[in-house]
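> predicted structure and sequence below. I'll ask about it afterward.
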Amino acid sequence: MSGIIASNAGRSSGLVKTGSSGDSWNYKSEVATTSGSSQEFTSISSGVRHVWITLREVGNSTDAEVRIILGDDGYENTGYRCVASSTSEDGIFVDVTDGFCLVGRDTRYDTNMRLTGMVELVRNDDSNHQWTCWGMVHAHHQTGSSDTFHSFCGTKQLSDELAKIKLELSTGNFDTGSMIMHSE
């Protein structure tokens with residue numbers, strides 16, 4: 001853990017750790033998911049090759065799909081190859097092309113659910129900005145006993161360096177929770 005204090009002297013938010021081999025990790029400030037239909041992490045450092053996003057009790061105002069959208073200069077809403085599955089009674093599998101789908105279709109994430117889990121992104125190829133994303137999310141139902149577990153995996157090739165990441169709802173607004181991003 002050496003280098004944490006020296007590397008963070010005078011910083012107003014986030015932590016940076018520089019390792020002995022030149023590797024470093026960044027901890028971005030927590031982002032509230034209490035309003036709006038999307039929340040973003042922007043100004044991602046050039047050369048980032050590994051990103052973790054932690055979701056903490058993320059809730060929304062209506063039934064919705066939840067997606068991770070990657071961006072370079074702008075957000076790229078096409079060209080994703082992603083499959084999501086659920087432990088619900090029908091074991092739904094969803095094939096998605098407009099983002100990394102965390103939960104599946106509208107009926108899988110309703111207003112009474114809170115998402116807690118982890119999303120991980122790894123850059124596969126530096127020369128063509130190819131990213132792989134996977135994760136697992138627990139959807140805790142606030143008014144019933146229908147908690148579900150969701151998993152997803154996919155790939156996306158960006159046209160340029162990753163610069164921002166967005167958590168987006170297909171409809172409605174976020175109303176509870178937060179998310180945190182770490183990167184290296």
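It's in. Numbers count the residues shown, from 1 in each chain.

> any weak-confidence spans in this protein?
The chain contains residues with pLDDT under 70 at 1-28, 88-93, 104-108, 145.

> let's go with 80 and repeat that
For the chain, the stretches with pLDDT under 80 are 1-29, 86-95, 103-111, 126, 143-146.

> what's next to stretch 119-129, contact-wise?
48-53, 55, 68, 70, 72, 100, 102, 130-135, 155, 157-162, 165 (C-beta atoms under 8 Å, 6 or more residues apart in numbering). For the C-beta atoms, the positions are set from N, CA and C on the backbone; glycine is no exception.

> separate out the buried members of the residues you listed.
Among the contacts of stretch 119-129, those classed as buried by 16 or more other C-beta atoms under 10 Å are 48, 51-53, 55, 68, 70, 100, 102, 131-135, 158, 162, 165.

> list the buried ones in stretch 29-43?
Result for stretch 29-43 [16+ other C-beta under 10 Å]: buried residues 31, 33, 39-41.

> show the contacting residues for L55.
Here L55 is in contact with 33, 115-119, 137, 167, 177, 179 (criterion: C-beta under 8 Å, 6+ apart).

> could you confirm it falls within a strand?
Yes. According to DSSP: H, G, I helix; E, B strand; the rest coil, L55 belongs to a strand.
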